[in-house]
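Chemist: Turn this into a structure:
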Amino acid sequence: MQKVFIISDLHGHYTVTKKAVDAAGFDPEDENHHLLCLGDYFDRGKENVEVFEYLHELGKKGKASFILGNHDLFMLEFLEGKHDKVAFNAVYNGFDQTLSDFSGITYKPGREQDVYERIMKRYPELYEWLASMPLYIERDHYIFTHGGIDTTLPDWRKQDLHGFVWNYQSRLPKLEGKTIVVGHERTAQIRMRRGTSISLEDDSIYDVIEDDGVIYIDPFVEMSKRMNVYIVHLENPPPAKTRLAGRILSSGFY
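Modeler: Below you'll find the model as predicted:
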């Protein structure tokens with residue numbers, strides 16, 4: 001049986017993440033332990049490079065798997081030469097800190113090409129790492145993704161990339177017989193929207209939410225300064241990899 005430690009929405013907070021993962025008992029030397037990350041590795045924090053180096057090393061050892069989030073898509077598209085949204089994401093989504101961290105130079109509008117060239121030179125493996133991330137992983141009765149799956153579709157697996165990274169699972173019907181585990185939507189905001197009588201000063205507002213059929217784990221790390229670690233035990237072996245339009249959509253832990 002495999003013990004899987006699940007985290008999401010690290011947002012450039014390496015120190016908080018490492019402390020939480022260690023406290024949860026994750027041991028990369030234990031053959032039955034695996035770290036599963038549900039996306040949003042960068043932006044808003046100041047340890048973006050440290051997050052990448054930590055996770056990438058675990059991935060190379062086969063001890064961690066990664067799902068693409070919407071903030072990871074910002075960097076992936078940037079490294080593909082799509083720079084039209086960079087200024088917006090820098091102002092509203094903390095992308096400027098990430099670009100500065102990886103390039104070693106302060107990002108300012110108009111410096112996109114310089115930043116791009118510096119990142120590709122300093123971290124040539126970053127693009128491949130992001131481009132290889134699946135949009136979801138199915139194991140046993142679980143579905144792991146970043147944003148959510150559109151259960152109203154005849155086949156949710158054919159949902160487009162935008163849906164997987166941007167959907168809010170709390171606004172979609174549950175999927176009978178499955179448990180969907182997601183990040184993206186902050187647990188504190190879900191509780192506030194539901195009228196839960198917990199203040200932001202009460203740390204429990206950031207706890208994991210376990211609903212019938214859906215588990216939410218985004219801890220709002222930039223506010224809470226904590227990382228939720230949700231643990232599941234999986235029995236069945238990983239499925240074969242499948243692809244759609246060149247992107248791996250489902251993959252086993254590797």
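
Chemist: Would you map the strands across the stretch 101-250 of the chain?
Modeler: Here the stretch 101-250 of the chain has its strands, by DSSP state E, counting those that start in this stretch, at 136-139, 142-145, 179-182, 209-210, 214-216, 230-234, 242-244, 247-250.

Chemist: can you pull the contacts of Leu172?
Modeler: Neighbouring residues of Leu172 by C-beta atoms under 8 Å, 6 or more residues apart in numbering: 148-152. For the C-beta atoms, the positions are set from N, CA and C on the backbone; glycine is no exception.

Chemist: circling back: so which of the strands of the stretch 101-250 of the chain comes closest to Phe74?
Modeler: Among these, the nearest to Phe74 by C-beta to C-beta is strand 247-250 (16.6 Å).

Chemist: Switch the strands of the stretch 101-250 of the chain over to a markdown table; also include mean pLDDT.
Modeler: Listed next are the strands of the stretch 101-250 of the chain as a markdown table, based on pLDDT from 0 to 100:
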| stretch | mean pLDDT |
| --- | --- |
| strand 136-139 | 95 |
| strand 142-145 | 97 |
| strand 179-182 | 98 |
| strand 209-210 | 98 |
| strand 214-216 | 98 |
| strand 230-234 | 97 |
| strand 242-244 | 46 |
| strand 247-250 | 50 |
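
Chemist: what is the mean pLDDT for the helix or strand harbouring Phe74?
Modeler: Per DSSP states H and E: Phe74 is located in helix 70-79. Regarding helix 70-79, the rounded mean pLDDT is 97.

Chemist: For that helix, enumerate the helices and strands it packs against.
Modeler: When contacts are defined as 3 or more C-beta pairs under 8 Å, 6 or more residues apart in numbering; DSSP states H and E, helix 70-79 sits against helix 95-103, helix 112-122, helix 125-131, helix 161-166.

Chemist: now, of those helices, which is deepest in the fold?
Modeler: Of all the helices and strands packed on helix 70-79, helix 95-103 carries the top mean neighbour count, a mean of 22, counting by mean count of other C-beta atoms under 10 Å.

Chemist: so that one versus helix 112-122, what angle?
Modeler: 40 degrees (axes from the mean of the first three to the mean of the last three C-alpha atoms, to 10 degrees).

Chemist: Which neighbouring elements make contact with helix 95-103?
Modeler: Using 3+ C-beta pairs under 8 Å, 6+ apart: helix 95-103 touches helix 48-60, helix 70-79, helix 86-92, helix 112-122.

Chemist: possible to save those as CSV with distance to Ile205?
Modeler: Converted to CSV, the helices and strands packed on helix 95-103 look like this (distance: least, C-beta to C-beta, whole Å):
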stretch, distance to Ile205
helix 48-60, 24
helix 70-79, 22
helix 86-92, 24
helix 112-122, 36
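
Chemist: quick one, which of those helices is nearest to Asp9?
Modeler: With C-beta to C-beta as the yardstick, what comes closest out of these is helix 70-79 (8.3 Å).

Chemist: Enumerate the positions of the closest one that are buried.
Modeler: Using 16 or more other C-beta atoms under 10 Å as the test for burial, helix 70-79 gives 70-79.

Chemist: okay, how far is it across stretch 32-45, tip to tip?
Modeler: 31 Å (C-alpha to C-alpha, to the nearest Å).

Chemist: Please convert the strands of the stretch 101-250 of the chain to a markdown table, extending it with mean neighbour count.
Modeler: Shown next, in a markdown table, are the strands of the stretch 101-250 of the chain (neighbours: other C-beta atoms under 10 Å):
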| stretch | mean neighbour count |
| --- | --- |
| strand 136-139 | 22 |
| strand 142-145 | 24 |
| strand 179-182 | 23 |
| strand 209-210 | 16 |
| strand 214-216 | 23 |
| strand 230-234 | 15 |
| strand 242-244 | 12 |
| strand 247-250 | 17 |
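
Chemist: thinking again about what came up before, do you know which of the helices and strands packed on helix 70-79 lies nearest Ile180?
Modeler: helix 161-166 (11.5 Å).

Chemist: No further questions, thank you.
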